[in-house]
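In: here are the coordinates; sequence isn't available:
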C-alpha cells in the first residue's frame, strides 16, 4: 500500500554568531589574578583593560611544570569588562601560596604567559 498523503513541515533555523570587527590599533590586554572567593571553586578573575575583545580558548596555571588548574571551554571578555573563569583539575583549596605561571591561549592561537600570585 502506497502513502501519498505524507505530512510535510517546513523548518526554519536561526543561527546567532557574534562577529567582532577589530579596528586597526585596537588590542586586548588581559589582567588576571587568582580569585579569592569560594575555596571549593577556585577561579581566575580577568579584566580586559584593552580596546578589543579577548576570546580565551584555554588558561593553565602551572608551578614548576605541575598543573595547578585550567579552564575548560572558550570565554569572551569584552573590552573594559571583567569575567570569572572557573578552574578545573588540581585547583584545590590546598594550593600553596606563591608565584605561578599563567598560560593563556586565545582564539587566534596566540599564547601569552604571565606570572600571577596565589594568596
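Out: It's in. What you are looking at is a predicted structure, and each value in this text was computed from that prediction instead of being measured. Numbers count the residues shown, from 1 in each chain.
In: and residue 107, how many residues sit next to it?
Out: Neighbour count of residue 107, defined by other C-beta atoms under 10 Å: 13. All C-beta spots, glycine's among them, are computed from the backbone N, C-alpha and C.
In: residues contacting it?
Out: Residue 107 is in contact with 55, 57, 74, counting by C-beta atoms under 8 Å, 6 or more residues apart in numbering.
In: Find the nearest non-adjacent residue to the first one, please.
Out: Counting by C-beta to C-beta, 6 or more residues apart in numbering, the nearest residue to residue 55 once its immediate chain neighbours are dropped is residue 107, at 3.8 Å.
In: Pull out the buried positions in the helix or strand hosting residue 60.
Out: Using DSSP states H and E, residue 60 sits within strand 54-63. For strand 54-63, the neighbour count (16 or more other C-beta atoms under 10 Å) marks 54-56, 58-62 as buried.
In: So which elements touch the lowest-mean-pLDDT helix or strand in the chain?
Out: One helix or strand of the chain scores below all others by mean pLDDT, DSSP states H and E: strand 66-70, with a mean of 89. If you count contacts as 3 or more C-beta pairs under 8 Å, 6 or more residues apart in numbering; DSSP states H and E, strand 66-70 packs onto strand 54-63.
In: Just want the angle from the strand it packs on to strand 66-70.
Out: Computed by axes from the mean of the first three to the mean of the last three C-alpha atoms, to 10 degrees, the angle separating strand 54-63 from strand 66-70 equals 150 degrees.
In: List the neighbouring strands of strand 54-63 plus their orientation.
Out: Strand 54-63 has its sheet partners listed here by DSSP bridges as strand 66-70 (antiparallel), strand 75-77 (antiparallel), strand 98-106 (antiparallel).
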